[in-house]
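Enquirer: only geometry, no sequence info:
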């Protein structure tokens with residue numbers, strides 16, 4: 001009778017000693033003597049491997065030579081309490097089938113330390129390592145927690161387009177989408193590319209944000225959130241930037257800036273708590289191997305109420321700090337990570353929410369304050385990472401929004417539908433954006449954003 005496969009995480013969490021079990025996975029290590037071999041087997045369900053004890057006299061010696069690091073095998077055997085240290089259960093092998101061999105001479109992941117830089121070069125194999133298995137399991141649980149949180153809050157998951165004719169950020173750094181012959185595109189009488197002949201009949205791009213369309217959803221459904229890939233064609237080859245990343249963007253009707261801040265704080269604390277509860281083994285591994293302050297930092301965010309202050313107050317604190325910053329601080333400056341981290345780590349010693357930024361350094365859609373100089377933007381600042389969330393109360397007044405669009409010389413050709421919503425039943429509303437990889441970076445303690453997404457897309461790199 002065929003035995004049903006059991007995941008290793010289930011065997012270790014609830015061992016039924018004395019039962020015959022079936023496990024399938026990849027060999028991490030093999031060691032032993034002339035009489036017995038000990039195989040560490042991992043199936044990706046947990047950071048922990050299970051030890052397979054192989055009585056060499058019971059198996060064909062030549063066949064067992066195929067059980068090397070990286071090989072994929074099936075094992076049927078008796079689950080028993082482990083006599084060795086480091087594991088509670090082990091399997092005494094009765095039947096072994098090799099699904100796929102891994103040549104020790106060419107398999108890149110032998111039993112030794114590999115640098116994160118090297119593993120990026122073999123991104124197709126790095127999920128098999130302890131480190132990336134842990135990171136990608138945490139990534140899964142965080143994604144689930146995000147959907148769980150918004151569903152419990154009564155928000156609707158709203159799918160915004162990936163292909164768009166508008167630039168939500170006004171940054172212009174977008175990837176173009178076209179079916180035209182890029183070597184010989186059709187041209188108008190004036191010599192410009194004739195996009196009327198393109199697939200969508202106009203100049204189209206991959207989206208930088210689902211926010212504008214998300215606002216439309218909020219103005220009908222009350223509260224929505226997006227969670228999908230976004231794209232930025234910024235030539236930023238840094239440990240904090242990706243060309244393709246995932247964004248979470250809630251948009252809520254009848255919210256003001258204070259409601260928005262409350263939601264952001266509650267949301268972040270929920271997903272961090274969820275990760276600590278459901279990813280305990282993986283987070284403990286990363287805390288031990290990469291960042292021994294990780295768990296302490298996660299609890300630091302949970303136990304502290306986020307301090308709230310205006311941008312103006314923040315700049316005054318930075319100017320009076322006496323600290324020499326790489327980037328100068330003055331009112332009107334776009335604060336850098338070093339400034340944000342100083343406020344969080346040195347001055348307040350807790351997470352910070354900055355509000356009321358100069359309108360010149362923020363997007364056109366943010367609600368304008370009565371002072372004529374600032375807008376109701378907000379940034380949530382975390383230790384080690386700086387800004388993790390950016391958001392605002394949105395400008396609901398048609399005339400004020402139009403004036404801002406005109407001030408910035410923005411084209412209405414691709415934004416008319418967004419502006420129109422302020423003419424038909426406008427209402428106060430707010431929202432924010434959270435880069436998913438920034439969140440995963442914070443919760444895993446990793447230092448390079450390329451290490452928290454399976455296949456990073458960066459300048460000059462679209463491999464795998």
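Expert: Now that the structure is in, tell me what you want to look at. On a predicted model such as this, the values are computed, not experimentally measured, just so you know.
Enquirer: those strands in the stretch 201-350 of the chain, which residues are they?
Expert: Per DSSP state E, counting those that start in this stretch, the stretch 201-350 of the chain carries strands over the ranges 204-206, 223-231, 244-253, 307-310.
Enquirer: What does the pLDDT read for residue 192?
Expert: Residue 192 carries a pLDDT score of 94 in this model.
Enquirer: Now do the contacts for the residue located most distally from the centre of the chain.
Expert: Distance from the centre of the chain peaks at residue 57, with 48.8 Å (Cα atoms, centre = their mean). Taking Cβ atoms under 8 Å, 6 or more residues apart in numbering as the criterion, residue 57 is in contact with residue 35. Just so you know, the C-beta spots here come from the backbone N, C-alpha and C atoms, and that holds for glycine as well.
Enquirer: 10 Å - rerun?
Expert: By Cβ atoms under 10 Å, 6 or more residues apart in numbering, the contact set of residue 57 is 34-36.
Enquirer: one step back: tell me which of the strands of the stretch 201-350 of the chain is the most buried.
Expert: strand 244-253 (a mean of 23; mean count of other Cβ atoms under 10 Å).
Enquirer: Average pLDDT for that one, rounded please.
Expert: Across strand 244-253, pLDDT averages out at 98.
Enquirer: re earlier: out of the contacts of residue 57, who has the most neighbours?
Expert: residue 36 (12 neighbours; other Cβ atoms under 10 Å).
Enquirer: In contact with it, which residues?
Expert: Contacts for residue 36 (Cβ under 10 Å, 6+ apart) come out as 53-57.
Enquirer: mind checking the backbone torsions on it?
Expert: According to degrees, to the nearest 10, the main-chain angles of residue 36 amount to phi -140, psi 150.
Enquirer: and it, bridged to which residues?
Expert: Legend: beta-bridge partners of residue 36 under DSSP bridges are residue 55.
Enquirer: Now for residue 59, how many residues are close by?
Expert: Residues lying near residue 59 (other Cβ under 10 Å) number 16.
Enquirer: same thing with the one 10 residues further on?
Expert: For residue 69, the tally of surrounding residues (other Cβ under 10 Å) stands at 17.
Enquirer: any idea which helix or strand carries it?
Expert: Secondary structure assignment for residue 69, by DSSP states H and E: no helix or strand.
Enquirer: Is it in contact with residue 40, as I believe?
Expert: Yes - contact criterion Cβ atoms under 10 Å: residue 69 and residue 40 qualify, at 9.2 Å.
Enquirer: Give me the common contacts of the two.
Expert: With contacts taken as Cβ under 10 Å, 6+ apart, residue 69 and residue 40 have 26-30, 111 as neighbours in common.
Enquirer: okay if I get those residues as CSV plus distance to residue 49, pLDDT and neighbour count?
Expert: Output for the shared contacts of residue 69 and residue 40, formatted as CSV (distance: Cβ to Cβ, whole Å; pLDDT from 0 to 100; neighbours: other Cβ atoms under 10 Å):
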residue, distance to residue 49, pLDDT, neighbour count
26, 9, 98, 20
27, 9, 97, 22
28, 5, 96, 17
29, 8, 95, 15
30, 11, 95, 18
111, 12, 78, 10
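Enquirer: Find the pair from those residues with maximum spatial separation.
Expert: 26 and 111 (12.8 Å; Cβ to Cβ).
Enquirer: shared neighbours, those two?
Expert: Counting by Cβ under 10 Å, 6+ apart, the residues touching both residue 26 and residue 111 are 40, 69.
Enquirer: remind me which residues of the chain are low pLDDT?
Expert: Along the chain, segments meeting pLDDT under 70 span 1, 167-172.
Enquirer: ok, the contacts of residue 36 vs residue 243, which is closest?
Expert: Closest to residue 243 out of the contacts of residue 36 is residue 54 (46.6 Å), distances taken as Cβ to Cβ.
Enquirer: OK, contacts around the closest one?
Expert: Residue 54 touches 30, 32, 35-39, 64, 67, 75, 77, 91-94, 96, counting by Cβ under 10 Å, 6+ apart.
Enquirer: So which of these is surrounded by the most neighbours?
Expert: Counting neighbours by other Cβ under 10 Å, the top entry in the contacts of residue 54 is residue 39, with 28 neighbours.
Enquirer: how close does that one sit to residue 79?
Expert: Note on residue 39: its distance to residue 79, by Cβ to Cβ, to the nearest Å, is 15 Å.
Enquirer: Residue 294 too?
Expert: Going from residue 294 to residue 79 by Cβ to Cβ gives 33 Å.
Enquirer: ok, now residue 312?
Expert: Look at residue 312 and residue 79: by Cβ to Cβ, they are 64 Å apart.
Enquirer: Who has more neighbours out of the two?
Expert: residue 79 (20 against 16).
Enquirer: that's a strand at that one, yeah?
Expert: Yes - counting by DSSP: H, G, I helix; E, B strand; the rest coil, residue 79 is found in a strand.
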